[in-house]
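Asker: Predicted model and sequence follow; I will ask about them next.
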Amino acid sequence: METNLTEVYDPATNTWATAADLPSAVFGYASAVLNGHIYIIGGSKSSPTSGNDILVNSNQVYNPQTNTWSSAANLPSAASYGAAIATVGFMAPARIYFVGGYFTNSYLNTVQVYNPANDSWSPAVQMPTPRAYLGLTEINDVIYAIGGFDGQNYLDAVEAFTPIGYGTAPPQIQITSPQNTTYTQVSLEYTLNRPTAWVGYSLDQQANITLNGQPELLNASQGANSIVVYANDSLGNMGASNIVDFSIDRIPPTVMIEAPKNQSYGSTDIQLIFTVDKNASRLTYSLDGQGNISVTGNVTLPALLNGPHSLTVYATDSLGNEGSKTVDFNISPFPTIPIVAVVVVAIIILTTGYLFYKGKLLGKKALVNSV
């Protein structure tokens, strides 16, 4: 009896859950996985009126990322209890192969090939032994048909099939570093699906550079960059990786100190006012060569000692680029006591002069009166 139930097993939690229902319930179908999608191909349905099963040629595709089903090109002819497997692009192009099966009292030896690039089926060389209920496996993209039932006997036959285009698949390369982000310096890291005769890379669409190991990209320039890795196998098949865009930033933040300036101050409490031209993950200052003190912005430097001082502000961005700025200044408080003393002396002198002058004036008046 057919069912449209979809159940998902999570090995991380050892639990089962249900997913979106299969659009058309079937049994006796074949399944294969290609490019992260699950294909449910062919199968049978129970007839509601007769005792005979109804064979189908549907091709239903499940996307685990979106938990949705869609339809792909139908199998050229209906079949039940066939087997399906996908080549993975190791040595042959990535395709789904539907092999054997059962149709209207016949056991099949047909091989149908599905190409997801153009959503189409095409025939391949027939399997030597017609059969259903068989198993399929692949090793390095060579397909092996194992066992099955030919209508009279259960089989122990194992037959190997070399897929269409075997030996023409290019090496598959995946860049793992750099990624689409910003670096000060970055190493090139990549994976290959099989051995190759040559590997190189092109930076910013320039000429290929042969790789010997996984080097640092010392020739990556400041700003935006792109990279592609190429690989050639011994058969002459050239593969290209994904294109990765990344950036290099080796420019440190620029620090501008607005206060204090290179001058003398009469106060021992000094305002530190500064700006930074880019986002900084860490801000610190050092006074007179002492340890760095973290700050989040402008601060007051309290109770500084008289005399010369040197102040350095540091700014570090998220990549570790560090910029700094140093200013020298002097603390020389206003000399209130000496000035007061001078003022007092001046007052005494002025008072003495005034009294002396007043005395002389009174003396002259007395002399005039006596005459």
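Answerer: It's in.
Asker: low-confidence ranges in the stretch 51-200 of the chain?
Answerer: Counting by pLDDT under 70, the ranges of the stretch 51-200 of the chain that qualify are 51.
Asker: Where do the helices of it begin and end?
Answerer: For the stretch 51-200 of the chain, applying DSSP state H, counting those that start in this stretch gives no helices.
Asker: first to last residue in stretch 73-84, what's the distance?
Answerer: Chord length of stretch 73-84, first to last residue, is 15 Å (CA to CA, to the nearest Å).
Asker: Relative to the whole chain's centre, how far out is that stretch?
Answerer: 40 Å (CA atoms, centre = their mean, to the nearest Å).
Asker: List the contacts of it.
Answerer: Stretch 73-84 is touched from outside by 28-32, 39, 41-44, 53, 55-59, 96-103, 108, 110, 112, 114, 119-121, 123, 132-136, 145, with contacts defined as CB atoms under 8 Å, 6 or more residues apart in numbering. Just so you know, the C-beta spots here come from the backbone N, C-alpha and C atoms, and that holds for glycine as well.
Asker: Checking the nearest residue to residue 17 once chain neighbours are set aside next. Helix, strand or coil?
Answerer: In space, and not counting its chain neighbours, residue 17 is closest to residue 8: 5.1 Å by CB to CB, 6 or more residues apart in numbering. Using DSSP: H, G, I helix; E, B strand; the rest coil, the structure places residue 8 in strand.
Asker: Please report how far residue 8 lies from residue 26.
Answerer: According to CB to CB, to the nearest Å, residue 8 stands 18 Å off from residue 26.
Asker: Can you name the residues bridging to the nearest residue to residue 198 once chain neighbours are set aside?
Answerer: Leaving aside its sequence neighbours, residue 198 sits nearest to residue 232 (CB to CB, 6+ apart; 4.5 Å). Residue 232 has these beta-bridge partners by DSSP bridges: residue 198, residue 238.
Asker: Could you count how many residues lie near residue 232?
Answerer: 16 (other CB atoms under 10 Å).
Asker: Residue 12 now?
Answerer: Neighbourhood size, residue 12 [other CB under 10 Å]: 5.
Asker: element containing it?
Answerer: Following DSSP states H and E, there is no helix or strand that holds residue 12.
Asker: Secondary structure element for residue 274, which one?
Answerer: Counting by DSSP H and E, residue 274 is part of strand 270-276.
Asker: Could you list the paired strands of that strand along with their orientation?
Answerer: strand 255-259 (antiparallel), strand 299-301 (antiparallel).
Asker: Show me the contact partners of that strand.
Answerer: 253-260, 283, 285, 295, 298-301, 304, 311, 313, 315, 323, 325, 329, 331.
Asker: same deal with stretch 25-44?
Answerer: For stretch 25-44, the external contacting residues (CB under 8 Å, 6+ apart) are 1-4, 22, 45, 53-65, 72, 75, 78-86, 94-98, 101, 114, 116.
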